[in-house]
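Engineer: got a sequence here, can you build the structure:
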Amino acid sequence: MSVLFGFDRSCTHNWVQVIERDLGYQDLHNEFVNVQLPHKKPKGQDLTESQKQENREFSHQQVKCEHAHAGMKRYNSVTATYRNPVPDFDDRLMLIAAGLWNFYLDTA
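Structural biologist: Numbers count the residues shown, from 1 in each chain. Take a look at the predicted model:
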């Protein structure tokens with residue numbers, strides 16, 4: 001899942017959180033206002049060129065997020081079964097893995 005923060009043009013000072021997902025998460029679109037999904041091809045019709053371009057841009061952003069998640073999952077503590085009773089320790093592990101992955105990307 002990619003989460004983007006964008007400037008809400010209707011308010012001059014508020015940041016809004018936008019969740020971008022693929023078409024496997026269509027039910028989120030019914031529950032939340034801030035979910036953006038790619039355009040789905042209508043039955044018996046084709047997508048317009050602008051819709052295709054938007055889907056390409058969406059896919060380009062989605063790949064970056066998927067690669068970041070895969071990079072963090074290289075650290076076994078993130079992917080292994082969590083059995084520690086310490087509260088919020090799993091969140092700390094994810095933050096540490098994200099920090100290590102960002103450090104790796106910065107130094108590579």
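Engineer: list the contacts for Thr48?
Structural biologist: Residues near Thr48 by CB atoms under 8 Å, 6 or more residues apart in numbering: none. From N, CA and C alone the C-beta is placed, and that goes for glycine too.
Engineer: all strands for the chain, in order.
Structural biologist: Ranges of strands in the chain, per DSSP state E, are 2-7, 15-20, 35-36.
Engineer: flag the shaky bits of this structure, pLDDT-wise.
Structural biologist: 1-33 (pLDDT under 70).
Engineer: switch the cut-off to 50
Structural biologist: 1-14 (pLDDT under 50).
Engineer: show me where it has helices.
Structural biologist: 26-31, 49-72, 76-79, 89-107 (DSSP state H).
Engineer: mind putting the ones you listed in a markdown table, distance to Leu37 and mean neighbour count included?
Structural biologist: Output for these, formatted as a markdown table (distance: least, CB to CB, whole Å; neighbours: other CB atoms under 10 Å):
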| stretch | distance to Leu37 | mean neighbour count |
| --- | --- | --- |
| helix 26-31 | 6 | 11 |
| helix 49-72 | 8 | 13 |
| helix 76-79 | 27 | 12 |
| helix 89-107 | 25 | 13 |
